[in-house]
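Asker: fold the following for me, if possible:
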Amino acid sequence: RLCTIDCRLFLIFFLLNTSIFYNSFAQQPSISHSIFLIGDAGEPDEAADNLSLLKRHLEVAGENSSLIFLGDNIYPVGLGDKGNPNRALQEHKLRLQLEVAKGYKGNTFVIPGNHDWARGKQEGWQHVLNQQKFVTDFFQNENVFQPNDGCPGPVEIELSAGLWLIIFDMQWLLHKFNKPGEESACEFKNPVEILSEIDNLLAKHKDDRVILASHHPLYSYGLHGGRYPLKDHIFPLAEAKKGLYIPLPVIGSIYPLYRSTIGNIQDIPHPTYKAIRNTIEGYLKKHKNAVYVAGHEHSLQHIQKEGINYIVSGSGSKATHVKNGKYSKFSASKTGFSKIDFMEDGSMKTEYWMVDEEYPKGKKAYESVLFEKKILKAPTKQNPQQTTFDKTVKEKASSQYDGGELKRALLGKNYRDVWSKEIDVEVFD
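Answerer: Predicted coordinates:
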């Protein structure tokens, strides 16, 4: 029997929607490689649910993936020598994390943080060597702990075709005491060599996607970035001792103000830390195919500044204050981890997973595209490309002198508006 008008309309509607669904599905690129990022997981007994969630993800991810522990793997002072009264507990904390990767078919990398360097104390280098030996013995693999032997790096590792991982240890740059230097077997032995090689590697892989990883973030809107909650200004002793809520208004603001303007050497405002940050940021501005990933701050953050993506994934076992800042895309004070997917078409996206009392099994809290387009490789004789540019672009001399009202009041204007003023600059091809 002939189909009625209503029947034909239904068939047309059905076929159109089927076609749209099929085309949409067919256009989705597949994942080439996944990178799981978890930092500051050094109190694993306090975050069993988070580690369980991560393990479930790793089981699904398979061999085309990597897991990176972003440092502060043993609180509070890393792995002491054998015979140290705390050695058994320290080994227990590290083992619980490494067991997440037991049977995992992908790559595993362990990066040291400032707590693994004994919180920057004299025995720090030895504690890093102790941890390296434990990790190497656990996996029977000398390539898991990076960089080796307390060296600063950078180390380059190919994860997949078109995807590279560059690891360096910023704590080496901040560490005041004994560490491998000019007399060592390290490939790079001083700050100039280390930072220059990071620039060289970014230039070398300008046609690839790059994950630049270290323990310390370049940007953060948490405590290490000088962002303190109001309660810390009123009850400053509560940070030193839990539950000690003695109101000290005005006086209580001295410590937060100090850390937000000058800072401990582990804080971004500290002159040494800031100088390193500004140098690396300058490299990233030239090579915007890279994503900078770090821990250190006990929170989850996605920061995007001037086209550069900064991933903070440092709430592996604890969470502290964080707030949305000028360049925040996402922030959460929850235990969790992040994930970056590198797609076959060269695009990249990120996901953040977190665990709390409401979601003990975990939930996806945020996702975002990091790069939408495939990188266009430099033209060659075999593969010439016609590229057009705007004749001028708007640029400013520097962003490092930007400051809010408090900074301007304390340190002065100092031509900040002049430095940050955008001007038209000619483009030379």
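Asker: spatially, what comes nearest to the most centrally placed residue in the chain if we skip its sequence neighbours?
Answerer: Among the residues of the chain, the one closest to the centroid is residue 293, at 2.0 Å (C-alpha atoms, centre = their mean). In space, residue 293 comes closest to residue 311 once its chain neighbours are excluded; the distance is 4.3 Å by C-beta to C-beta, 6 or more residues apart in numbering. C-beta coordinates here come from the backbone N, C-alpha and C atoms, glycine included.
Asker: partners of the helix or strand containing the one you found, with directions?
Answerer: Here residue 311, judged by DSSP states H and E, is contained in strand 308-313. Sheet pairing for strand 308-313, assigned by DSSP bridges, gives strand 290-294 (parallel), strand 300-305 (antiparallel).
Asker: and stretch 35-43, how far apart are its ends?
Answerer: Distance across stretch 35-43, first residue to last, is 22 Å (C-alpha to C-alpha, to the nearest Å).
Asker: got TSV for the strands paired with strand 308-313, with distance to residue 148 and mean pLDDT too?
Answerer: Shown next, in TSV, are those (distance: least, C-beta to C-beta, whole Å; pLDDT from 0 to 100):
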stretch	distance to residue 148	mean pLDDT
strand 290-294	20	98
strand 300-305	29	98
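Asker: now tabulate these in TSV and tack on distance to residue 316.
Answerer: As requested, the strands paired with strand 308-313 are exported to TSV (distance: least, C-beta to C-beta, whole Å):
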stretch	distance to residue 316
strand 290-294	12
strand 300-305	10
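Asker: of all those, which one is nearest residue 365?
Answerer: Closest approach to residue 365 among those (C-beta to C-beta): strand 300-305, 7.2 Å.
Asker: that older thread, what is the mean pLDDT for the strand holding residue 311?
Answerer: Mean pLDDT, strand 308-313: 98.
Asker: returning to that earlier point: let me see the contact set for the residue nearest to the centre of the chain.
Answerer: 35, 37, 68, 70, 211-213, 310-311, 313, 338, 340 (C-beta atoms under 8 Å, 6 or more residues apart in numbering).
Asker: among those, who's most crowded?
Answerer: residue 70 (32 neighbours; other C-beta atoms under 10 Å).
Asker: how much space separates it from residue 362?
Answerer: Separation of residue 70 from residue 362 (C-beta to C-beta, to the nearest Å): 19 Å.
Asker: what's the answer for residue 302, then?
Answerer: Residue 302 is 18 Å from residue 362, by C-beta to C-beta.
Asker: next: residue 336.
Answerer: Taking C-beta to C-beta, one finds residue 336 at 8 Å from residue 362.
Asker: which neighbours do those two share?
Answerer: 50, 353-355.
Asker: phi and psi next, for residue 323.
Answerer: phi -140, psi 160 (degrees, to the nearest 10).
Asker: ok, it touching residue 225?
Answerer: No: using C-beta atoms under 8 Å, residue 323 is not in contact with residue 225, being 9.5 Å away.
Asker: so between the two, which is more surrounded?
Answerer: residue 225 (25 against 15).
Asker: if you skip the residues just before and after it, what's nearest to residue 33?
Answerer: residue 160 is the one closest to residue 33 (C-beta to C-beta, 6+ apart), at 3.9 Å.
Asker: still on that earlier bit, return the distance of the strand holding residue 311 from the chain's centre.
Answerer: Counting by C-alpha atoms, centre = their mean, to the nearest Å, strand 308-313 is centred 5 Å from the centre of its parent chain.
Asker: any chance you could list what contacts that strand?
Answerer: 37-39, 70, 217-220, 222, 281, 284-285, 288, 290-297, 299-304, 336-338, 340, 350, 352, 370.
Asker: okay, and the beta partners of the closest residue to residue 106 other than its chain neighbours?
Answerer: Leaving aside its chain neighbours, residue 106 sits nearest to residue 65 (3.8 Å; criterion: C-beta to C-beta, 6+ apart). Going by DSSP bridges, residue 65 is paired in beta bridges with residue 34.
Asker: spit out the contact partners of residue 65.
Answerer: 33-36, 58, 106-107.
Asker: mind listing the residues bridging to the residue nearest to residue 293?
Answerer: On the basis of DSSP bridges, residue 311 is bridged to residue 293, residue 302.
Asker: any idea how far it lies from residue 127?
Answerer: Taken as C-beta to C-beta, the span from residue 311 to residue 127 is 26 Å.
Asker: and if you look at residue 293?
Answerer: Counting by C-beta to C-beta - residue 293 and residue 127 are separated by 23 Å.
Asker: kindly report the same for residue 329.
Answerer: Taken as C-beta to C-beta, the span from residue 329 to residue 127 is 35 Å.
Asker: what of residue 226?
Answerer: Taking C-beta to C-beta, one finds residue 226 at 28 Å from residue 127.
Asker: the more surrounded of those two?
Answerer: residue 127 (25 against 22).
Asker: surely that one meets residue 73?
Answerer: No: taking C-beta under 8 Å as the contact criterion, residue 127 and residue 73 are not neighbours in contact, 10.8 Å apart.
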